[in-house]
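Peer 1: sequence and predicted structure below; questions after.
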There are 2 protein chains.
Amino acid sequence: MCGITGYIGHKQAYPIIINGLKRLEYRGYDSAGIILNENNSFKLKKTKGKVSDLEKICSNLNSTATVGMGHTRWATHGIPSDKNSHPHLSNNGKIAIVHNGIIENYDTIKKMLLSKGFTFQSETDTEVLVNLIQYIQDSQKLNISTAVRVALNEVIGAYAIAVIEVDQPQEMVVARLSSPLAIGIGDNEYFVASDASPFIEFTKEAVYLEDGEMATITLKGVDVHKIKDNKKVNPIIQELKISLEEIEKGGYDHFMLKEIHEQPKSIMDTMRGRLLVEKGIIQMAGIWDYQEKFLNAKRIIIISCGTSWHAGLIGEYLIEDLARIPVEVEYASEFRYRNPIITDEDIVIAISQSGETADTLAALKLAKEKGAFIYGICNVVDSSIARLTDAGSYTHAGPEIGVASTKAFTAQLAVLTMIAIKLAKHKGTISKEKFNSLLTELESIPVKVEQVIKDTEEQVKKIAELYVNVNNFLYLGRGYNYPVALEGALKLKEISYIHAEGYPAAEMKHGPIALIDENMPVVVIAPKTTHYDKIVSNIQEINSRKGKVIAIVTQEDSQVKNIVSQAIEIPAVSEYFVPILASVPLQLLAYDIAVMRGVNVDQPRNLAKSVTVE
Amino acid sequence: MCGITGYIGHKQAYPIIINGLKRLEYRGYDSAGIILNENNSFKLKKTKGKVSDLEKICSNLNSTATVGMGHTRWATHGIPSDKNSHPHLSNNGKIAIVHNGIIENYDTIKKMLLSKGFTFQSETDTEVLVNLIQYIQDSQKLNISTAVRVALNEVIGAYAIAVIEVDQPQEMVVARLSSPLAIGIGDNEYFVASDASPFIEFTKEAVYLEDGEMATITLKGVDVHKIKDNKKVNPIIQELKISLEEIEKGGYDHFMLKEIHEQPKSIMDTMRGRLLVEKGIIQMAGIWDYQEKFLNAKRIIIISCGTSWHAGLIGEYLIEDLARIPVEVEYASEFRYRNPIITDEDIVIAISQSGETADTLAALKLAKEKGAFIYGICNVVDSSIARLTDAGSYTHAGPEIGVASTKAFTAQLAVLTMIAIKLAKHKGTISKEKFNSLLTELESIPVKVEQVIKDTEEQVKKIAELYVNVNNFLYLGRGYNYPVALEGALKLKEISYIHAEGYPAAEMKHGPIALIDENMPVVVIAPKTTHYDKIVSNIQEINSRKGKVIAIVTQEDSQVKNIVSQAIEIPAVSEYFVPILASVPLQLLAYDIAVMRGVNVDQPRNLAKSVTVE
């Protein structure tokens, strides 16, 4: 997944494109490139590295061009290198492309083009596509827009592309299938980007292309049509609501640390207007409007990826435990390809911070086709998943920039907790007293999260110092805290490159325990809730093998504290709320270790913020 | 989990107990001990280490005692050490105990005993129990059998115990709760052991204690009663069918290697009499007798642990795909503690090689209480799970001794495949033609497994040499091969102590990809089946980050072979059967790497063959 951006108008294109790329770096930062059309001549600069590296090689560019495109890459085909960077040019040097996505049948097309005498500079699928466009244009004598359309009908895969032709400096052709693309509508100027952030200071009006649509953009306007049959589409112009301030670092060293600290607020924001303790209700329109569907559902299937999948697992425990509706949690990537059993009595809930996760989106489409009622839990408003679902609940965590998800995760937990409690009340599976006490306790969680950050931040830093040079970690938990263990391990893995693995504590004996010796720290989430005695036994088993245990414990705990190397305290809460509190010190631990190891925690290697390819 | 054994009769007890312990070492081998009652005086020897270490310190024992007990330990409380080894003595030196299991409330009892002036030599829960017995005997003036019974009514936990008293050389008291215990009935002599293997050459008759039962054994006979209320129980004497030859190594360096090579036969044995290709039927009484239950099941829930859990995940894909019945797979340890939603319309299938896995057994009991129909897939005949279930299908893989499960796993897959195909036929979800072609293909699998072993054994050894010093591995697969990746990683982890982790291939991008660099080998199961193009894209992504890919590919594959470091070929089969074939080279890879690293692959550290504690 990559970020693409483009400009066509009357201003100097270069600074607009460079600034846009910087805002899109959350989508990938292996390499970056820019192309400008200056007096019917292409100026192309590209390099392995980040946008700041691109800026360096552009320092004496001095371009006055008013048309151009840029790209920041997250490699899918070919290693990050100068020659694999985008934009790519066709063999005749006349067509340039930037591309986000994967062309799956590039191998077949490449062979055909090689047989026609084409040559290739890079290992990318993108260079195959741009040459296919040239081949079609030349052989069928078509204009660029039509050539692009014919070419796209030949390819299998996912893409958002922007194409310009050297002889047509007033025209840009864009298209989308499965990867997002927004067109900003300015005053006699147009912006193209993977999301609206690159042009937010220039215009508040945008058109989001739908799957299978393409647009030809000139100074006269935007002409949208279907890729398949060229049918004209009337684009819907939307008003943008995000602000620039929302995407700044505000005093913290990293976005991730800022976002960890924002959690008391982001959880509160997510509950605001919904958790009405005084009225004794949880107000969620998405659930309320489809109450009957939820209460009669045979099964709820939660589909998601990565951190959101962990939130889903906790959601499973919450909903089954409180509302007694069977829940299954599936990896979106597995679900979509295995002919899943779905009926119109099922509810499918998709969880995705970005709302653009390719596998989740595709899985959701499949579920919709099979007649399921589909519900979204997304953070990004108007994202593809949010627009596809029948109903949903946004997490109001604000923009999350750090690649390792923190505040979006706890906000997802807040939404899932509210859904579970609300369904339980309507289903009558919990008493009125229990409902009210859960409401009161949930309301206190943001303050408790704040307390956890305050109480543990310095201690966690000291613990991080002890383990900074360790190369392997295990994370264990039972019940509600098994997914917390998975998430804790994922955080460490993502940003410190330490091989950390989460397991349900009791599974340790079925294999992972062989890894344990004096060099293997084990993080155990051991609050004083239902499984306490069992987890104490598990810690004893680790101690018997000389493993070092770092435990998350309840404040009044005495037993675990005495048998572990380090104990991190969280306030006593019902087991339903432990995951939110216990996740916070684990986020801090991952952050501190990564910073001490010198990793750029906001942009760890190989990763990207939203995974918009399969 | 530990192994316990005992003897009371007219022969010399020492050699019988030592040989018995050697056969029980699959249950744990941290430390070992023996106690003999010679002329109303205890002779006690125990040591950290294996049974062979115990033998060394017993070399000049020369005991003629005809009563004694032995223990081989897998530590739960306290590190493996001489003083933590069993047997343990009471403070007055008169009572000795061997124990398999965990006393959960040992802490409370210990405090009480300390207040009464008792002292403790070890950190074990077992020493607490034997002193509780002394305390009760002394304070209430009870015989040993009654004192044991009263004490057991005070403890919470799981146990199989044997107790002898120095002044009663003709008596042994045994009891069981959640841990297995067999009593061999000889000619004026009696044997006690965790399973029948220690006494198989002396008698073919045995009594298996049920949960909550205890027995007082004297030369006059076996007196069984309930622990709770002392009610008399008439024991059922069973005839044993296992043979000694079945538990020998037969020419191979390790049991594990022998068991890998046995797979063509063990899969064939598992299908024999069931897969009747000429008659065009699959004959499985357990399914046939409860056909209606299966066909009307709302859900099938598979519960298991470790390797069996991986078999369950493949079972989910098979049953959902072919028979279109929703399946959920749960970790037994998680399922049992989370108030799962189970109704009498659900079918719960337990998978366990030993049939004694504590968590699986407990989960199954819970499901039975809730009214579910319960079905077992076990390898050990008459094991606790096999006896508890309403119906079941044995895997006829023969005794599996290597701690890392191999042939039991592929036999489980054979059973699950037959169940899925049979249900699909009865449900009408596959055509008669497809049914027949699946039957024919399944029949050919043992020969293909043989071919895979023959074709890949040498190649895998060479690959192992390349990666023997690597400390981390990733394993990736999609669909049917995602659980194969998990299982491949578990094998390596168990016996080589390399941190290997399995993932669904598409999840890599949501975190684990951060781990990939030139030092991280990635095993990818990439057969030419449904997900081929997707997995090719995943391999490209790994290559882009310089990871080294070892791929399992189909023989006629050309694309993957050209882009990976090493390709291991398996014959082309339908995707349903790929897991069986693909698992074999992964077993060999784990075995070869572990042997090259000098690990005792049959007895890797910290592990035990059957996990009979939680």
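Peer 2: Thanks, I have the structure now. Numbers count the residues shown, from 1 in each chain, chains lettered A, B, ... in the order given.

Peer 1: state the distance from the nearest residue to A:Tyr375 once chain neighbours are set aside to chain B.
Peer 2: Once its chain neighbours are removed from consideration, A:Tyr375 has its nearest residue in A:Ile349; the separation is 4.6 Å (CB to CB, 6 or more residues apart in numbering or on different chains). C-beta coordinates here come from the backbone N, C-alpha and C atoms, glycine included. Per CB to the nearest CB, to the nearest Å, A:Ile349 is found 16 Å from chain B.

Peer 1: give me the beta-bridge partners of A:Ile349?
Peer 2: For A:Ile349, the beta-bridge partners are A:Ile302, A:Tyr375 (DSSP bridges).

Peer 1: and it, what is it in contact with?
Peer 2: With contact set as CB atoms under 8 Å, 6 or more residues apart in numbering or on different chains, A:Ile349 has these partners: A:Ile300, A:Ile301, A:Ile302, A:Ile303, A:Gly312, A:Gly315, A:Ile374, A:Tyr375, A:Gly376, A:Ile377.

Peer 1: closest one of the residues you listed to chain B?
Peer 2: Chain B has its nearest neighbour among the contacts of A:Ile349 in A:Ile301, at 9.4 Å by CB to the nearest CB.

Peer 1: where along the stretch 251-400 of chain A do the strands fall?
Peer 2: In the stretch 251-400 of chain A, strands defined by DSSP state E, counting those that start in this stretch lie at A:275-276, A:281-282, A:299-304, A:327-331, A:346-352, A:373-378, A:391-392, listed in chain order.

Peer 1: I'd guessed A:Glu494 sits against B:Ala514; true?
Peer 2: Yes: using CB atoms under 8 Å, A:Glu494 is in contact with B:Ala514, at 5.0 Å.

Peer 1: up against chain B, what does the stretch 501-614 of chain A have?
Peer 2: A:501, A:504-507, A:509-517, A:530-531, A:533-534, A:537, A:540-541, A:543-546, A:559, A:604-608, A:611, A:613-614 (CB under 8 Å from any CB of the partner chain).

Peer 1: let's see that with 6 Å instead.
Peer 2: A:501, A:504, A:506-507, A:509-511, A:513-515, A:531, A:533, A:537, A:540-541, A:544-545, A:604, A:606-607, A:611 (CB under 6 Å from any CB of the partner chain).

Peer 1: need the strands for the stretch 451-600 of chain A, in chain order.
Peer 2: Counting by DSSP E, counting those that start in this stretch, residue ranges of the strands within the stretch 451-600 of chain A are A:472-477, A:499-504, A:521-525, A:548-554, A:566-570.

Peer 1: highest mean neighbour count out of the ones you listed?
Peer 2: By mean neighbour count, with neighbours taken as mean count of other CB atoms under 10 Å in any protein chain shown, strand A:521-525 ranks first of the strands of the stretch 451-600 of chain A at a mean of 28.

Peer 1: for it, which helices and strands make contact with it?
Peer 2: Under the contact criterion of 3 or more CB pairs under 6 Å, 6 or more residues apart in numbering or on different chains; DSSP states H and E, the helices and strands touching strand A:521-525 comprise strand A:472-477, helix A:481-496, strand A:548-554.

Peer 1: that strand pairs with which strands, and in what direction?
Peer 2: Applying DSSP bridges, you get strand A:472-477 (parallel), strand A:548-554 (parallel) as the partners of strand A:521-525.

Peer 1: Throw those strands into a markdown table and include mean pLDDT, thanks.
Peer 2: Supplementary listing: the strands paired with strand A:521-525 in a markdown table, determined by pLDDT from 0 to 100:
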| stretch | mean pLDDT |
| --- | --- |
| strand A:472-477 | 96 |
| strand A:548-554 | 97 |
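
Peer 1: can you list these in TSV and add distance to A:Asp30?
Peer 2: Formatted as TSV, those follow (distance: least, CB to CB, whole Å):
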stretch	distance to A:Asp30
strand A:472-477	27
strand A:548-554	34
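
Peer 1: out of those strands, flag the one nearest A:Asn84.
Peer 2: Among the strands paired with strand A:521-525, strand A:472-477 comes nearest to A:Asn84, with 32.5 Å by CB to CB.
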